[in-house]
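>>> the following block contains a protein sequence and its predicted model.
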Amino acid sequence: QPTADEVVLVIHGLQKRDSASSDEPVLVREKRLQLEVRGGLKVSASVGVNFGQFFSPGQNYSVSNGVIVGEDEGAFSPSMTSFLHFHGYRGQRATLGGSFGVGFPVLSSGDGQSIQFFLGPSLVLGANQKLVLSGGFMGGRVQRLAKGFRVGDVFDANNGDIPTRGKYDIGAFVGLSFNLGN
């Protein structure tokens, strides 16, 4: 059975001394109430790993037979992520909530990859140390062709590198994180 938070409320009954005296009031009664508190909004933090995929996957670009070729970077992109979770607190072992996270790609394939942002629903499991399953939308930078070039266009490799630029894009993710605190 998960434990609730406890609040101790102390009520002091004070009596004034006669008006001629400047002494402090005298304690005549003290009542201590110990209450269990359940409910409300809880905010917790966790660290974990996410697996995300952009809706339009990033590509690595090269020139083959004078033509620009694009190769998808992979089925998913893992990242180390730090989360803030918002969920109701009722002392239950499983709670639905929401998550916002910031992560760094583990396998950065291009120069343009930077931090990624994650937002979506989560399932918080456990009473004290929590395991959190999250999913939803992600956003981050992806390398795209620049200066009007498209995959399949003719490009002379002697003119330098293929022009690319980092563009922010969105995708989806699933993740698993662990909260060490309460």
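Sure, I can see it. Numbering: from 1, shown residues only.
>>> touching, residue 85 and residue 122? I think so.
Yes: taking CB atoms under 8 Å as the definition, residue 85 is a contact partner of residue 122 at 5.7 Å. C-beta coordinates here come from the backbone N, C-alpha and C atoms, glycine included.
>>> mind listing the shared neighbours of those two?
Overlap of the contact sets of residue 85 and residue 122 (by CB atoms under 8 Å, 6 or more residues apart in numbering) consists of 97, 98, 99, 132, 134.
>>> of those residues, keep whichever come out buried.
In terms of neighbour count (16 or more other CB atoms under 10 Å), the buried residues within the shared contacts of residue 85 and residue 122 are 97, 99, 132, 134.
>>> would you turn those residues into JSON lines with secondary structure?
Compiled in JSON lines, those are given as follows (DSSP: H, G, I helix; E, B strand; the rest coil):
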{"residue": "97", "secondary structure": "strand"}
{"residue": "99", "secondary structure": "strand"}
{"residue": "132", "secondary structure": "strand"}
{"residue": "134", "secondary structure": "strand"}
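>>> including pLDDT and distance to residue 105, could those residues go into TSV?
Below are those laid out as TSV (pLDDT from 0 to 100; distance: CB to CB, whole Å):
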residue	pLDDT	distance to residue 105
97	90	25
99	94	18
132	92	20
134	95	17
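>>> need those residues in JSON lines with distance to residue 179, can you?
Compiled in JSON lines, these are given as follows (distance: CB to CB, whole Å):
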{"residue": "97", "distance to residue 179": "12"}
{"residue": "99", "distance to residue 179": "11"}
{"residue": "132", "distance to residue 179": "7"}
{"residue": "134", "distance to residue 179": "12"}
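>>> of these, which is the nearest to residue 72?
Out of these, the one with the shortest distance to residue 72 is residue 134. That distance is 24.7 Å, counting by CB to CB.
>>> may I have the beta-bridge partners of the closest one?
In this structure, residue 134 has the following beta-bridge partners (DSSP bridges): residue 122, residue 175.
>>> all set now, cheers.
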